[in-house]
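*Asks:* build me a model from this:
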Amino acid sequence: MCMLCDDEKAYQAYMNYLDKMERQGKAADPNVAVNAVLDEIEAAANAAAKKKDDPANDKTLSPFFCSPINK
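*Replies:* Below you'll find the model as predicted:
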C-alpha cells in the first residue's frame, strides 16, 4: 500500500475503487484492488498521451501549417 500512499492520484483512485466495491456490496481483495487501480491509472495515462500526440489537439501549430482534415 505504501506505493499508493506516495502518489495522491493513485491513493484517490484506490479509495474510489474501495467505495465502489462497498456500494455494490462486495468485499474488495486488496491485491485485486491495487491491480485494478494501477491498470486504470495506466489506461488514463495512455489515453492522455494519445490525445496529446494528436495533431488536431496541437495548439502550438502555426496558422500556416496544413493539418489533416477530419472527415
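*Asks:* same question for stretch 25-38, mean pLDDT?
*Replies:* For stretch 25-38, the mean per-residue pLDDT is 81.
*Asks:* equivalent analysis for stretch 9-20, please.
*Replies:* 83.
*Asks:* how about it: buried residues?
*Replies:* For stretch 9-20, the neighbour count (16 or more other CB atoms under 10 Å) marks Ala10, Ala13, Tyr14, Tyr17 as buried. Glycine gets a C-beta too; all of them are placed from N, C-alpha and C.
*Asks:* any idea which element Ala44 lies in?
*Replies:* Using DSSP states H and E, Ala44 falls within helix 30-53.
*Asks:* report all helices and strands that that helix contacts.
*Replies:* Using 3 or more CB pairs under 8 Å, 6 or more residues apart in numbering; DSSP states H and E as the contact test, the elements touching helix 30-53 are helix 8-23.
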